[in-house]
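J.: What shape does this take:
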Amino acid sequence: MYRILVLVYGVVSYVVFFLTFLYAIGFVGNIYVSKTIDSGVAGPFWQALLVNVLLLGIFAIQHSVMARPGFKAWWTKIIPASIERSTYVLLTNGALILMYWKWQPMTDVVWNVDGGAFGTVLIVLFWFGWALVLLSTFMINHFDLFGLRQVYLNLKRKPYTDLKFTTAFAYKFIRHPLLLGFIIAFWAAPVMTTGHLLFAAVTTVYMLIAIRLEEKDMVDAFGETYQKYRREVPMLIPTGRRSSSSE
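T.: Now for the predicted structure:
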(Lines give C-alpha, C1' and ligand atoms only; values in the text may rest on other atoms or scores of the structure.)
Protein backbone atom coordinates (compact mmCIF):
# COMPACT_ATOMS: atom_id res chain seq x y z
CA MET A 1 0.00 0.00 0.00
CA TYR A 2 2.86 2.41 0.81
CA ARG A 3 4.40 1.94 -2.62
CA ILE A 4 1.04 2.53 -4.27
CA LEU A 5 0.59 5.73 -2.26
CA VAL A 6 4.04 6.88 -3.36
CA LEU A 7 3.06 6.21 -6.97
CA VAL A 8 -0.21 8.14 -6.58
CA TYR A 9 1.71 11.03 -5.01
CA GLY A 10 4.11 11.08 -7.96
CA VAL A 11 1.30 10.95 -10.51
CA VAL A 12 -0.62 13.75 -8.77
CA SER A 13 2.55 15.87 -8.68
CA TYR A 14 3.03 15.26 -12.39
CA VAL A 15 -0.58 16.19 -13.22
CA VAL A 16 -0.17 19.42 -11.22
CA PHE A 17 3.01 20.14 -13.19
CA PHE A 18 1.38 19.55 -16.56
CA LEU A 19 -1.65 21.70 -15.79
CA THR A 20 0.61 24.43 -14.42
CA PHE A 21 2.75 24.24 -17.56
CA LEU A 22 -0.30 24.61 -19.79
CA TYR A 23 -1.51 27.52 -17.66
CA ALA A 24 1.90 29.18 -18.04
CA ILE A 25 1.41 29.31 -21.80
CA GLY A 26 -1.89 31.14 -21.37
CA PHE A 27 -0.55 33.34 -18.57
CA VAL A 28 2.46 34.59 -20.54
CA GLY A 29 0.67 34.71 -23.88
CA ASN A 30 -2.50 36.41 -22.60
CA ILE A 31 -4.61 33.63 -24.09
CA TYR A 32 -7.16 31.05 -22.96
CA VAL A 33 -6.93 31.60 -19.17
CA SER A 34 -8.81 34.05 -16.97
CA LYS A 35 -5.76 35.48 -15.17
CA THR A 36 -2.85 36.46 -17.40
CA ILE A 37 0.27 38.54 -17.09
CA ASP A 38 -1.59 41.65 -18.30
CA SER A 39 -5.15 41.04 -17.10
CA GLY A 40 -6.77 43.08 -14.36
CA VAL A 41 -6.67 46.72 -13.37
CA ALA A 42 -3.21 48.20 -12.90
CA GLY A 43 -2.51 49.65 -9.47
CA PRO A 44 0.35 51.85 -8.22
CA PHE A 45 3.52 51.14 -10.23
CA TRP A 46 5.93 50.72 -7.33
CA GLN A 47 3.56 48.47 -5.41
CA ALA A 48 3.12 46.22 -8.44
CA LEU A 49 6.88 46.18 -9.04
CA LEU A 50 7.60 45.17 -5.45
CA VAL A 51 4.97 42.41 -5.38
CA ASN A 52 6.02 40.97 -8.74
CA VAL A 53 9.72 40.96 -7.94
CA LEU A 54 8.93 39.25 -4.62
CA LEU A 55 6.87 36.58 -6.41
CA LEU A 56 9.66 35.96 -8.92
CA GLY A 57 12.16 35.81 -6.06
CA ILE A 58 10.12 33.20 -4.18
CA PHE A 59 10.11 31.01 -7.28
CA ALA A 60 13.82 31.53 -7.98
CA ILE A 61 14.92 30.73 -4.43
CA GLN A 62 12.73 27.65 -4.10
CA HIS A 63 13.66 26.37 -7.56
CA SER A 64 17.40 26.84 -7.14
CA VAL A 65 17.91 25.87 -3.49
CA MET A 66 15.95 22.63 -3.72
CA ALA A 67 17.85 21.63 -6.88
CA ARG A 68 21.26 21.73 -5.23
CA PRO A 69 22.87 18.36 -4.36
CA GLY A 70 23.63 19.47 -0.81
CA PHE A 71 20.00 20.31 -0.15
CA LYS A 72 18.87 17.02 -1.69
CA ALA A 73 21.24 15.08 0.56
CA TRP A 74 19.79 16.82 3.62
CA TRP A 75 16.19 16.70 2.39
CA THR A 76 16.23 12.95 1.72
CA LYS A 77 17.05 12.37 5.38
CA ILE A 78 13.59 13.78 6.10
CA ILE A 79 11.53 12.46 3.19
CA PRO A 80 11.90 9.23 1.18
CA ALA A 81 14.28 9.55 -1.76
CA SER A 82 11.60 8.09 -4.03
CA ILE A 83 9.43 11.21 -3.67
CA GLU A 84 12.20 13.83 -3.52
CA ARG A 85 11.80 14.80 -7.17
CA SER A 86 8.00 14.71 -7.07
CA THR A 87 8.04 16.95 -3.99
CA TYR A 88 10.40 19.36 -5.74
CA VAL A 89 8.07 19.44 -8.75
CA LEU A 90 5.03 19.98 -6.53
CA LEU A 91 6.59 22.85 -4.58
CA THR A 92 7.94 24.46 -7.74
CA ASN A 93 4.48 24.48 -9.23
CA GLY A 94 3.09 25.79 -5.96
CA ALA A 95 5.41 28.79 -6.32
CA LEU A 96 4.22 29.26 -9.90
CA ILE A 97 0.55 29.04 -8.93
CA LEU A 98 1.18 31.67 -6.25
CA MET A 99 2.72 33.90 -8.90
CA TYR A 100 -0.21 33.42 -11.31
CA TRP A 101 -2.63 34.25 -8.50
CA LYS A 102 -0.95 37.31 -7.03
CA TRP A 103 0.76 38.80 -10.10
CA GLN A 104 0.05 42.53 -10.40
CA PRO A 105 -0.62 43.88 -13.91
CA MET A 106 1.69 46.61 -15.19
CA THR A 107 -0.01 47.51 -18.43
CA ASP A 108 1.99 50.42 -19.90
CA VAL A 109 2.93 49.35 -23.44
CA VAL A 110 6.61 49.11 -24.37
CA TRP A 111 5.95 47.96 -27.93
CA ASN A 112 2.94 46.88 -29.95
CA VAL A 113 3.40 45.11 -33.28
CA ASP A 114 0.22 43.06 -33.04
CA GLY A 115 -1.42 42.50 -36.41
CA GLY A 116 1.69 43.21 -38.47
CA ALA A 117 4.18 40.89 -40.11
CA PHE A 118 6.62 41.19 -37.21
CA GLY A 119 3.80 40.44 -34.79
CA THR A 120 3.08 37.23 -36.68
CA VAL A 121 6.75 36.26 -36.49
CA LEU A 122 6.67 36.80 -32.72
CA ILE A 123 3.56 34.62 -32.38
CA VAL A 124 5.31 31.82 -34.28
CA LEU A 125 8.38 32.21 -32.09
CA PHE A 126 6.19 32.14 -28.97
CA TRP A 127 4.77 28.74 -29.87
CA PHE A 128 8.16 27.50 -31.07
CA GLY A 129 9.66 28.41 -27.69
CA TRP A 130 7.06 26.45 -25.72
CA ALA A 131 7.38 23.47 -28.07
CA LEU A 132 11.15 23.52 -27.60
CA VAL A 133 10.72 23.55 -23.82
CA LEU A 134 8.49 20.49 -23.82
CA LEU A 135 10.46 18.56 -26.44
CA SER A 136 13.72 19.27 -24.62
CA THR A 137 12.43 17.43 -21.56
CA PHE A 138 11.96 14.30 -23.67
CA MET A 139 15.44 14.69 -25.19
CA ILE A 140 16.87 13.96 -21.74
CA ASN A 141 14.35 11.96 -19.70
CA HIS A 142 10.96 13.59 -19.23
CA PHE A 143 9.72 11.05 -16.70
CA ASP A 144 12.83 11.22 -14.52
CA LEU A 145 12.83 15.03 -14.67
CA PHE A 146 9.31 15.17 -13.21
CA GLY A 147 9.58 12.31 -10.73
CA LEU A 148 7.54 9.57 -12.41
CA ARG A 149 10.49 7.26 -13.04
CA GLN A 150 11.47 7.42 -9.37
CA VAL A 151 8.05 6.44 -8.03
CA TYR A 152 7.67 3.73 -10.69
CA LEU A 153 11.00 2.15 -9.75
CA ASN A 154 9.95 2.31 -6.10
CA LEU A 155 6.71 0.49 -6.96
CA LYS A 156 8.71 -2.24 -8.72
CA ARG A 157 11.13 -2.46 -5.79
CA LYS A 158 14.01 -1.51 -8.07
CA PRO A 159 16.81 0.79 -6.93
CA TYR A 160 17.03 4.20 -8.51
CA THR A 161 19.98 4.65 -10.86
CA ASP A 162 21.29 8.03 -11.97
CA LEU A 163 20.86 8.84 -15.63
CA LYS A 164 23.88 8.66 -17.88
CA PHE A 165 25.09 11.85 -19.48
CA THR A 166 23.69 12.06 -23.01
CA THR A 167 23.50 14.73 -25.71
CA ALA A 168 20.49 13.82 -27.81
CA PHE A 169 18.97 15.95 -30.59
CA ALA A 170 19.08 19.67 -29.70
CA TYR A 171 21.61 19.01 -26.93
CA LYS A 172 24.15 18.29 -29.65
CA PHE A 173 23.95 21.92 -30.77
CA ILE A 174 23.37 23.86 -27.52
CA ARG A 175 23.76 22.89 -23.90
CA HIS A 176 20.47 24.35 -22.65
CA PRO A 177 17.71 24.09 -25.28
CA LEU A 178 15.05 23.93 -22.58
CA LEU A 179 16.06 27.30 -21.14
CA LEU A 180 16.45 28.76 -24.61
CA GLY A 181 12.85 27.74 -25.26
CA PHE A 182 11.70 29.63 -22.17
CA ILE A 183 13.67 32.73 -23.15
CA ILE A 184 12.18 32.73 -26.65
CA ALA A 185 8.64 32.21 -25.35
CA PHE A 186 8.95 34.93 -22.72
CA TRP A 187 10.32 37.58 -25.08
CA ALA A 188 8.23 36.78 -28.17
CA ALA A 189 5.34 39.13 -27.36
CA PRO A 190 3.58 41.14 -30.07
CA VAL A 191 2.36 43.43 -27.28
CA MET A 192 5.04 43.95 -24.64
CA THR A 193 3.90 45.65 -21.45
CA THR A 194 6.08 46.80 -18.58
CA GLY A 195 4.84 43.86 -16.52
CA HIS A 196 5.68 41.38 -19.26
CA LEU A 197 9.05 43.06 -19.77
CA LEU A 198 9.79 42.77 -16.05
CA PHE A 199 8.83 39.09 -16.11
CA ALA A 200 10.95 38.35 -19.19
CA ALA A 201 13.98 40.30 -17.96
CA VAL A 202 14.03 38.90 -14.42
CA THR A 203 13.45 35.31 -15.51
CA THR A 204 16.17 35.60 -18.17
CA VAL A 205 18.69 36.88 -15.63
CA TYR A 206 17.65 34.10 -13.26
CA MET A 207 18.10 31.45 -15.95
CA LEU A 208 21.59 32.71 -16.79
CA ILE A 209 22.51 32.48 -13.11
CA ALA A 210 20.86 29.05 -12.83
CA ILE A 211 22.95 27.81 -15.76
CA ARG A 212 26.12 28.57 -13.82
CA LEU A 213 24.86 26.69 -10.78
CA GLU A 214 23.61 23.74 -12.80
CA GLU A 215 26.80 23.42 -14.81
CA LYS A 216 28.89 23.43 -11.64
CA ASP A 217 26.80 20.49 -10.43
CA MET A 218 27.21 18.77 -13.80
CA VAL A 219 30.99 19.17 -13.68
CA ASP A 220 31.00 17.72 -10.16
CA ALA A 221 28.91 14.77 -11.36
CA PHE A 222 30.49 14.03 -14.74
CA GLY A 223 33.93 15.62 -14.55
CA GLU A 224 35.92 15.88 -17.75
CA THR A 225 33.05 14.47 -19.82
CA TYR A 226 30.98 17.56 -19.11
CA GLN A 227 33.98 19.87 -19.32
CA LYS A 228 34.62 18.61 -22.83
CA TYR A 229 30.93 19.11 -23.68
CA ARG A 230 31.13 22.71 -22.44
CA ARG A 231 34.19 23.37 -24.60
CA GLU A 232 32.61 21.93 -27.73
CA VAL A 233 28.93 22.93 -27.52
CA PRO A 234 27.65 26.53 -27.15
CA MET A 235 25.53 27.42 -24.14
CA LEU A 236 22.41 28.91 -25.73
CA ILE A 237 23.08 30.09 -29.29
CA PRO A 238 23.70 27.35 -31.90
CA THR A 239 26.68 28.95 -33.62
CA GLY A 240 27.95 25.75 -35.19
CA ARG A 241 31.36 26.26 -33.65
CA ARG A 242 33.12 25.40 -30.42
CA SER A 243 32.01 27.50 -27.48
CA SER A 244 34.46 29.70 -25.61
CA SER A 245 35.98 28.27 -22.47
CA SER A 246 34.58 31.25 -20.54
CA GLU A 247 31.05 29.86 -20.93
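J.: Would you state the strands of the chain in chain order?
T.: 109-112, 191-193 (DSSP state E).
J.: which stretch among these comes nearest P69?
T.: P69 lies closest to strand 191-193 among the strands of the chain, at 37.4 Å (C-beta to C-beta). (C-beta placed from N, C-alpha, C; glycine too.)
J.: Could you pull up the mean pLDDT of that closest one?
T.: For strand 191-193, mean pLDDT is 97.
J.: Which among the strands of the chain is found nearest to F126?
T.: strand 191-193 (11.5 Å).
J.: Parallel or antiparallel, list what pairs with the closest one.
T.: As defined by DSSP bridges, the strand partners of strand 191-193 come to strand 109-112 (antiparallel).
J.: Just give the closest residue to Q227, not the sequence neighbours.
T.: Leaving aside its chain neighbours, Q227 sits nearest to V219 (6.1 Å; criterion: C-beta to C-beta, 6 or more residues apart in numbering).
J.: again, but for L56
T.: Leaving aside its chain neighbours, L56 sits nearest to V202 (4.9 Å; criterion: C-beta to C-beta, 6+ apart).
J.: I'd guessed the one you found sits against V53; true?
T.: Yes: using C-beta atoms under 8 Å, V202 is in contact with V53, at 6.9 Å.
J.: between the two, which one's more packed in?
T.: V202 (18 against 12; other C-beta atoms under 10 Å).
J.: Which pLDDT does the model give the more buried one?
T.: 98.
J.: how much space between it and I4?
T.: Distance check for V202 against I4: by C-beta to C-beta, to the nearest Å, it reads 41 Å.
J.: Sketch out the low-pLDDT regions of this protein for me.
T.: 240-247 (pLDDT under 70).
J.: So which bits of stretch 107-126 are buried?
T.: Neighbour counts over stretch 107-126 (16 or more other C-beta atoms under 10 Å) mark 107, 119, 122, 126 as buried.
J.: Which member of those residues is positioned nearest I78?
T.: With C-beta to C-beta as the yardstick, the closest approach to I78 among those comes from F126, at 40.0 Å.
J.: Report the spatially closest residue to that closest one, excluding sequence-adjacent ones.
T.: Excluding its sequence neighbours, the residue lying closest to F126 (C-beta to C-beta, 6+ apart) is A188, at 4.1 Å.
J.: list the contacts for that neighbour?
T.: Counting by C-beta atoms under 8 Å, 6 or more residues apart in numbering, A188 touches 122-123, 125-126, 128-129.
J.: let's see it at 6 Å
T.: By C-beta atoms under 6 Å, 6 or more residues apart in numbering, A188 lies in contact with 122, 125-126.
J.: Leaving out the residues flanking it, which one is nearest to M192?
T.: Closest to M192 by C-beta to C-beta, 6+ apart is V110, at 4.4 Å.
J.: same deal with G181?
T.: L132 (3.3 Å).
J.: Return the set of buried residues in stretch 82-90.
T.: Across stretch 82-90, burial judged by 16+ other C-beta under 10 Å covers 82-90.
J.: buried sites along stretch 172-189?
T.: Applying 16+ other C-beta under 10 Å to stretch 172-189 flags 174-189 as buried.
J.: Restricted to helices, list the residues you listed.
T.: Residues of these located in helices (DSSP state H): 177-187.
J.: among the buried residues of stretch 172-189, which two are most distant?
T.: R175 and A189 (25.6 Å).
J.: L153 and Y160 touch, don't they?
T.: Yes: using C-beta atoms under 6 Å, L153 is in contact with Y160, at 5.4 Å.
J.: Out of the strands of the chain, the one nearest D38 is which?
T.: Per C-beta to C-beta, nearest to D38 of the strands of the chain: strand 191-193, 5.3 Å.
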